[in-house]
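Student: give me coordinates for this.
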Amino acid sequence: MQVYRGFDIGTAKLLPIERGEIPHHLIDVVDPGDVFTAGDYAHLGREVLGQIRGREKLPVLAGGTGFYLRALLNGLFEGPQRDDALRDRLTAAATNKPPGYLHRLLGQLDQASSKKIHANDTPKLIRAIEICLRAGKPMSALWQEGSLPLEGFAITRLGLDPPREALYEKISARTKAIFHAGLVEEACALIKSGVPRKARPFGSLGYKQALAHIDGVMELDEAIEDTAKNTRRYAKRQMTWFRRDPDVTWFQGFGDEQPVIDSAVSFVETQLTVDPPGQSS
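Tutor: Below you'll find the predicted structure:
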């Protein structure tokens, strides 16, 4: 979500002064109403990686969105183009039909993909159904037909695994902080500036609840609690996703803890000395 201009508080963008002398990339590169896909992210990300390597610097990718990471590193298959009319019908069905309707529909079209996509992840369900219907075959079959992985880099994957209760406490504290920092006011300003309510960032955690509060559907305390609750669920899904990756090296704790920092730096230093010939980390 940090690619979208104007959506700053809810996405926890670092202020320029906080970035120090380290160049940050793919922040504020897309207008809020524009369509920006995982394929777009992979394309721009690979361009940036090439530029960083050209300056003989070390690229570091930070974040926790597994699907976008997979798109960048493994590539995506050549799926069918968007069908906005179909997406609108599926979006309406997600609201008007009984809970779980889209997930059951995907299960009928592509059982393998339905097992990998959470029943509440509406955007991914809609895209998967769209691909199945427009391509005339399961999305999982298209994945097996191949994609173009990132080449020329040795990949080192680091994961943070803090205690669950401590993580949930930080999520609750951060959620309160972003609302108190002006998340609702930022959402109001974006709407007044002409950003359409159906813009994708407004469907993300925090902004979705801020709009519900603006519309009088939720009290502020309710919006904060709903955001925290769903963020905890999202964090749990993130851990489930990344634990399937055998190449992740896990560190017990948070990224701002000095012992974790020291261990991670030491580990990366060892990796930089064992790169395969002709590759750069």
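Student: if I read this right, F77 contacts P149, doesn't it?
Tutor: No - checked against Cβ atoms under 8 Å, the pair F77 and P149 is beyond contact range at 11.9 Å. No exception for glycine: its C-beta is placed from N, CA and C like everyone else's.
Student: looking at the two, which has the bigger crowd around it?
Tutor: F77 (16 against 10; other Cβ atoms under 10 Å).
Student: now the residue lying closest to that one once chain neighbours are set aside, what's its secondary structure?
Tutor: Nearest residue to F77, sequence neighbours excluded (Cβ to Cβ, 6 or more residues apart in numbering): L142, at 4.6 Å. Three-state assignment for L142 (DSSP: H, G, I helix; E, B strand; the rest coil): helix.
Student: how far away is L142 from C188?
Tutor: In this view, L142 and C188 are 41 Å apart by Cβ to Cβ, to the nearest Å.
Student: who has more neighbours, those two?
Tutor: Per other Cβ under 10 Å, whichever of L142 and C188 has more neighbours is L142, with 20 against 14.
Student: look up how far R134 lies from the residue nearest to F77.
Tutor: With Cβ to Cβ as the criterion, L142 and R134 are 11 Å apart.
Student: can you check I22 too?
Tutor: Counting by Cβ to Cβ - I22 and R134 are separated by 41 Å.
Student: repeat for E225
Tutor: 39 Å.
Student: quick check: buried residues in stretch 147-166?
Tutor: Neighbour-count burial for stretch 147-166, with 16 or more other Cβ atoms under 10 Å as criterion, is recorded at F153, T156, L158, L160, D161, P162.
Student: now, the residues you listed that are in strands?
Tutor: L158, L160 (DSSP state E).
Student: what's the mean pLDDT across stretch 132-146?
Tutor: The predicted model gives stretch 132-146 an average pLDDT of 83.
Student: just want the most central residue of this protein.
Tutor: T65 (3.4 Å; Cα atoms, centre = their mean).
Student: ok, that residue to D121 distance?
Tutor: Distance from T65 to D121, by Cβ to Cβ: 12 Å.
Student: what does F242 give?
Tutor: Plainly put, F242 is 16 Å away from D121 if you go by Cβ to Cβ.
Student: quick one, strands of the stretch 151-281 of the chain?
Tutor: Using DSSP state E, counting those that start in this stretch, the strands of the stretch 151-281 of the chain run over residues 157-160, 248-251.
Student: is it possible to export those to CSV including distance to A210 and mean pLDDT?
Tutor: Shown next, in CSV, are those (distance: least, Cβ to Cβ, whole Å; pLDDT from 0 to 100):
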stretch, distance to A210, mean pLDDT
strand 157-160, 27, 96
strand 248-251, 33, 96
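Student: could the ones you listed go into a markdown table alongside distance to E169?
Tutor: Formatted as a markdown table, the strands of the stretch 151-281 of the chain follow (distance: least, Cβ to Cβ, whole Å):
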| stretch | distance to E169 |
| --- | --- |
| strand 157-160 | 15 |
| strand 248-251 | 19 |
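Student: K57 is nearest to which of those strands?
Tutor: strand 157-160 (17.9 Å; Cβ to Cβ).
Student: which strands or helices does the closest one pack on?
Tutor: strand 248-251, helix 258-272 (3 or more Cβ pairs under 8 Å, 6 or more residues apart in numbering; DSSP states H and E).
Student: rerun at 6 Å
Tutor: The contact analysis (3 or more Cβ pairs under 6 Å, 6 or more residues apart in numbering; DSSP states H and E) places strand 157-160 against strand 248-251.
Student: CA atoms only for the strand it packs on, dumped as CSV, please.
Tutor: The C-alpha trace of strand 248-251 is given here as CSV (Å, rounded to 0.1, in the frame of the first residue of the first chain):
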residue,chain,number,x,y,z
VAL,A,248,13.6,-18.4,5.5
THR,A,249,16.1,-18.0,8.4
TRP,A,250,14.1,-17.1,11.5
PHE,A,251,15.1,-14.7,14.3
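Student: I appreciate the help and will end here.
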